[in-house]
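Colleague: Based on what follows, work out the 3D shape:
(2 chains)
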Amino acid sequence: MSDKMFMQALGMGIAEEMRIDPKVFLMGEDVRASVYGAANGLHDEFGDERILNTPLSENGFFGAAVGAAAVGMRPIVETLTSFMWVGMDQLVSQAAKMRYMFGGQATLPVVYRAVMYYGGGSAAHHSDRSYPVFMNIGGLKVVCPGTPADAKGLMKTAIRDNDPVIMFEDGTLLATRGEVPDDPDFTVPFGVANILREGTDVTVVAIAGAVPHAVAAAEEMAKEGVSVEVLDPRTLVPLDKNAILNSVGKTGRLVVADPAAKVCSAASEIMSIVGEEAFWDLQAPMQKVASLQVHIPFTPSLEKLVYPTKDKIVEAIKKTMG
Amino acid sequence: MTANISKDTLMLMLERMWRIRHFELKLTEMYNAGEVGGVHLYIGQEAVAVGACAAMRDSDYIAGNHRSHGHPIAKGANLKKAMAEIFGRIDGYCKGKGGSMHLADFSVGILGESGIVASSVPVATGAALAAKMQKMDFVSAVFFGDGASNQGACHESMNLASVWDLPVIFICENNQYAVTTSYKDTVAVEHISDRAQAYNMPGVLVDGQDAIAMYEAMTQAVERARAGEGPTLIEALTYRFEDHSLGLEKIRKSEYREDSEIDEWRLRDPLDLLTKSIVDSGTATQAECDAISAGAHAEVEEAAVFARNSPFPDESELYKDMFASEMPVV
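Modeller: Purely as a prediction, here's the structure:
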């Protein structure tokens, strides 16, 4: 174990897999300079041949990754969530659909790393939290690590996976620290939720950047004698539905904290599943603590109102307790 | 004219062109009988895909578009599986999940036809990237239309391929119209191949009705790509003899082209031109050429029987192939 930042853990995962498998390579805009941090040191170690700076052509290189994967390579593409819209046709029409449309002939082991900046005055064009869009499309695995250890373990699983994966790398977590296993065999499986804190009164399902806020809310509620279970699904496709249903079965109360905008968010889907399958376990209406349905304003006085916070989660927990 | 091309290659080209023609004449017949839906016909453009693919190896890759039967058949696709796919049957190339616009046979390098125009251009570029990174000598080629040439994906891919010297051949099949709109109204340069200059790659204008010309242009482009010298843009001037898709004329009768224009192009039917070259050069007799056509016709008839007899996929197929790994059904 070592104490690492989330962004270092992502980089460790990439470097370890690149050492094992010569077919893995990284491409994206300014990846050699590692402007987003996670690719630090990769160019020094792996050189020009495996770390490719691309033109600003998301349709071009998102699709080139699909083609390279289709004939046996294992590309990793670095981008920002907000730039994914520019290359959307390749993500949806090709990466997501090729395998099904061609009756299973295409195997596409490609990882799109989408750095998800928000909360820092980046305004509407650089603050997208778009994972629910990709949950809806199908054919793509959607990964949202919430801790440094998961960042490394899920990155390694993503690179080894034979399906297209989108890794949403939450910008508010990049500088957070935690214990990260050094073992190169350490991976975190897809579809297995992480119970960060056990509890008996309320379940808080927290996604990506909402995870630390949920843990802080649980700590605060513990002081008031309320026992909160914090569950991080870690991957949204596949989703560990059973872990969520089991937890709600135990607590009878659900809060979902999700940095995505609230309409058709990941929280919406999770609450829909609980409503359909565990309604009679519920002792109170479920609460959604998602971002407000508004474009991200530049000014801090307004932006700070938008996202899930510890206080909003605490308030929601109290609501479920009546 | 045919001096540098072996008889085997010429006869193979003729055979594949007849396969495409008979395949689509059969589809037209079946469409009229209500057996299949409105597909996009390649009739009139056969020389482009066949001339190009004849200059490629089995280990090379192609990708294509919604006008989707010609490219895979030119690359060596199995007619039975192709026809069964159009029928939506389990024995089709994609188990009936792709249909006419998405024929694919990865085993002979057909990375699939795309229903979104220009969407497969980046994909073919990526296959070429894999060749370069692995220092392997396969190449890839992508077929797209004059309409698709205006898509950003096309421009981005050509620039990327040139910057990285990728072994990819961009083949623009300029059949004059994007559905009903003439390229003369949408393309700012005289020839789409002129754009190659902006990407610092050779741009070649070819008579797309002439399979031999197409083969020769493609041979040069493939040699260049294999030698690590990068991509080429080939613009093949051709013409779609039929409407944008079968049945479109029933929905909307559009007078976007004159009958005289269609008649003029029909005088340059690619099958007639290739047959004439073969016969005039003494490479083969008219009777040998006729036998090739008859053989292709028989294969298509067998494919139609095969397709009709193949079962539809059952419900157990519905979720299969969404992912390579086992995934719970949501």
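Colleague: so B:Gln209 makes contact with B:Leu267?
Modeller: No: the criterion here is CB atoms under 8 Å, and B:Gln209 misses it with B:Leu267 at 9.7 Å. In this view, the C-beta of every residue, glycine as well, is placed from N, C-alpha and C.
Colleague: The two - which one has more neighbours?
Modeller: Ranked by neighbour count (other CB atoms under 10 Å in any protein chain shown), B:Gln209 and B:Leu267 place B:Gln209 first, with 26 against 9.
Colleague: Could you pull up the residues touching that one?
Modeller: By CB atoms under 8 Å, 6 or more residues apart in numbering or on different chains, B:Gln209 lies in contact with B:47, B:237-239, B:265, B:268-270, B:273.
Colleague: So among these, which ones count as buried?
Modeller: B:47, B:237-239, B:265, B:268-270, B:273 (16 or more other CB atoms under 10 Å in any protein chain shown).
Colleague: Helix, strand, or coil at A:Ile166?
Modeller: Under DSSP: H, G, I helix; E, B strand; the rest coil, the three-state class of A:Ile166 is strand.
Colleague: Skipping adjacent residues, who's closest to it in space?
Modeller: Among residues not flanking A:Ile166 along the chain, A:Tyr112 sits closest, at 4.7 Å (CB to CB, 6 or more residues apart in numbering or on different chains).
Colleague: Please verify my assumption that the one you found contacts A:Phe168.
Modeller: No: contact criterion CB under 8 Å: A:Tyr112 and A:Phe168 do not qualify, at 9.4 Å.
Colleague: Secondary structure element holding A:His43?
Modeller: helix A:42-50 (DSSP states H and E).
Colleague: Pull the residues that contact that helix.
Modeller: A:11, A:14-15, A:18, A:24-26, A:31-34, A:51, B:133.
Colleague: Considering these, which possesses the most neighbours?
Modeller: With neighbours taken as other CB under 10 Å, the top of the contacts of helix A:42-50 is A:Ile14, carrying 26 neighbours.
Colleague: Spell out which residues of the stretch 1-150 of chain B are next to chain A.
Modeller: Within the stretch 1-150 of chain B, the positions near chain A by CB under 8 Å from any CB of the partner chain are B:61, B:63, B:92-98, B:102, B:104-106, B:111-112, B:114-116, B:119-131, B:133-134, B:140.
Colleague: what does the stretch 201-322 of chain A put close to chain B?
Modeller: So the stretch 201-322 of chain A meets chain B at A:238-239, A:241 (CB under 8 Å from any CB).
Colleague: Tell me which of those fall in strands.
Modeller: Residues of these located in strands (DSSP state E): none.
Colleague: which one of those is nearest B:Arg308?
Modeller: For those, the closest approach to B:Arg308 (CB to CB) belongs to A:Pro238, at 38.9 Å.
Colleague: Let's verify the residue nearest to the closest one when sequence neighbours are not counted: helix, strand, or coil?
Modeller: Computed as CB to CB, 6+ apart, the closest residue to A:Pro238 that is not its neighbour in sequence is A:Gly191, at 3.7 Å. Secondary structure state of A:Gly191, per three-state DSSP, is coil.
Colleague: show me the contacts for the residue nearest in space to the middle of chain A.
Modeller: Nearest to the mean C-alpha position of chain A, by CA atoms, centre = their mean, lies A:Cys144 at 1.4 Å. Contact analysis of A:Cys144 by CB under 8 Å, 6+ apart lists A:131, A:168, A:170, A:207-208, A:233-236, A:266.
Colleague: Ranking by neighbours, what's the top pick from the residues of the stretch 201-322 of chain A next to chain B?
Modeller: When neighbours are counted by other CB under 10 Å, A:Leu239 leads these with 22 neighbours.
Colleague: nearest spatial neighbour of it, skipping sequence neighbours?
Modeller: Spatial nearest neighbour of A:Leu239, excluding adjacent residues (CB to CB, 6+ apart): A:Pro233 at 5.8 Å.
Colleague: so that neighbour touches A:Ile207, yeah?
Modeller: Yes: the pair A:Pro233 / A:Ile207 is scored as a contact, 6.7 Å apart, by CB under 8 Å.
Colleague: Can you tell me how far the residue in the stretch 101-250 of chain A that chain B sits nearest to is from A:Val77?
Modeller: Nearest residue of the stretch 101-250 of chain A to chain B, counting by CB to the nearest CB: A:Gly103, 3.5 Å away. Computed as CB to CB, to the nearest Å, the A:Gly103 to A:Val77 distance reads 25 Å.
Colleague: cool, B:Gly115 as well?
Modeller: Counting by CB to CB - B:Gly115 and A:Val77 are separated by 23 Å.
Colleague: For these two, indicate the residue with more neighbours.
Modeller: Ranked by neighbour count (other CB under 10 Å), B:Gly115 and A:Val77 place A:Val77 first, with 32 against 18.
Colleague: which residues touch the more buried one?
Modeller: For A:Val77, the contact set (CB under 8 Å, 6+ apart) comprises A:26-28, A:61-62, A:65, A:110-113.
Colleague: Among the residues you listed, name the ones in helices.
Modeller: A:61-62, A:65 (DSSP state H).
Colleague: Which ones among the residues you listed also lie next to chain B?
Modeller: A:61-62, A:65.
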